[in-house]
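>>> need a structure here:
(one chain, ligands or ions: 2)
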Amino acid sequence: MQSYDDFISTVSHELRTPLTSIRGFAQTMLQSYDKLDDENKKKFLKIIEEQSNRLIHLIENMLKVQNNDTIIFKAVSAKPLIEDVLQIIKQQYKEHNFILKYNEKLPKILVDTDKFQQVMTNLIENAAKYSNKGTTVTIITDFANIEDFISIKIQDHGVGIDEENLDKIFEKFSRIDNPLTRKVQGSGLGLYITKILVTKMNGKINVKSSEQGTTFEVEIPSENIEKQAREKCGQLH
Ligand SMILES: Nc1ncnc2c1ncn2[C@@H]1O[C@H](COP(=O)(O)OP(=O)(O)O)[C@@H](O)[C@H]1O
Ligand SMILES: [Mg+2]
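Ligands and ions are numbered 1, 2, ... in the order given. Predicted structure coming up:
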C-alpha cells in the first residue's frame, strides 16, 4: 500500500500552500472588513479565486497521475490481502466489529495487489465510517454469478444511501449529506478512485442500500480466466 500512502502525502503537501493562502486572505478580510477599501477587498477576493482555481487544477492533475499508474497483475489469494487491510482498519475503528467470511474453495484472483488492497481499504473504511460504533461490518467472499469471477461483499449496518444518490457516490468529490458525513471528514474521492481501479482490474462494482445498511459488491476475475484464455490459445495452434 506504499504507493497509495505516497499519493496521499503528496496531495496533503501540495494542497497546503493554496489553502493557507485562501484562509489567510479570508481571515484578513473578516478581521479588517471595515478598514479595507473596496479596491483592496476586490484584490483579496481575486487572490482567493485564483488560489481556488489552482487547487482545482492541482487535484485534477493528481487524479490523472493516479490514473496513469501501471497495473501489475498477479495470481494471489484474496484472503491474506483482505486480512492485512482489516488489521489496519481495526486499529482505527476499535469499537466496530469486523467479520471476514472467506470461502476456502475460492481460486486465486488476478489483481494488482496494491490496488486491490486500496479498493478493499476504501470500501471497508467507508463501511465503518458511515455506520455507528458497536455495529458489525461483514466481508463475504464467494463465487460470483459470472463464470471465473469471485465476489467480495462489504456489508454494513450504517446510515445507508438514498436510491437517488446511488449513482452519484462514484463521482469525483461527491459526498452525500447524512448525519455521519457531517461528522466525519472525507474528500469524496474514495469511491471515484475505487471504481477506476476495479474497472482497470477488469472487475465490476455495484451497491445496494436500504435503511438497514449498505452492501458494496466487487466482482473480480479469478486466475482461471487467464488459464482458460491460454488453453484456448493453445487449442488454436
Ligand atoms: N458504506 C456507506 N454507507 C453510507 N454512505 C456511504 C458509504 N460509502 C460511501 N458513502 C457515501 O458516499 C460518499 C462518497 O464516498 P467516498 O468517495 O469514499 O468519499 P468520502 O468517504 O471521502 O466522503 C460518502 O461521502 C458517503 O456519503
Ligand atoms: Mg471514503
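>>> Walk me through the regions of the chain where pLDDT falls short of the threshold, as ranges.
Within the chain, the ranges that satisfy pLDDT under 70 run 1-7, 9-10, 61, 64-68, 185, 235-237.
>>> Leaving out sequence neighbours, find the closest residue to the residue nearest the centre of it.
Nearest to the mean C-alpha position of the chain, by CA atoms, centre = their mean, lies residue 190 at 2.5 Å. Ranked by CB to CB, 6 or more residues apart in numbering and with sequence neighbours excluded, the top spatial neighbour of residue 190 is residue 122, at 4.4 Å. Bear in mind the C-beta positions are built from the backbone N, C-alpha and C, glycine included.
>>> did I read that right, that neighbour in a helix?
Yes - counting by DSSP: H, G, I helix; E, B strand; the rest coil, residue 122 is part of a helix.
>>> Ligand 1 versus that one, what's the distance?
Residue 122 sits at a distance of 6 Å from ligand 1 (criterion: CB to the nearest ligand atom, to the nearest Å).
>>> That residue contacts residue 192, doesn't it?
No - judged on CB atoms under 8 Å, residue 122 makes no contact with residue 192 at a distance of 9.7 Å.
>>> which of those two has more neighbours?
Neighbours per residue (other CB atoms under 10 Å) separate residue 122 from residue 192, with residue 122 holding more: 22 against 18.
>>> quick one: that one from residue 8, how far?
Using CB to CB, to the nearest Å, residue 122 is found at 12 Å from residue 8.
>>> Equivalent analysis for residue 44, please.
Per CB to CB, residue 44 is found 31 Å from residue 8.
>>> Looking at these two, which has the bigger crowd around it?
Between residue 44 and residue 8, residue 44 has the larger neighbour count (other CB under 10 Å), namely 17 against 11.
>>> With adjacent residues omitted, what lies nearest to that one?
Spatial nearest neighbour of residue 44, chain neighbours left out: residue 25 (4.6 Å); criterion: CB to CB, 6+ apart.
>>> Kindly report the same for residue 202.
Residue 202's closest residue in space is residue 221 (CB to CB, 6+ apart), at 5.2 Å.
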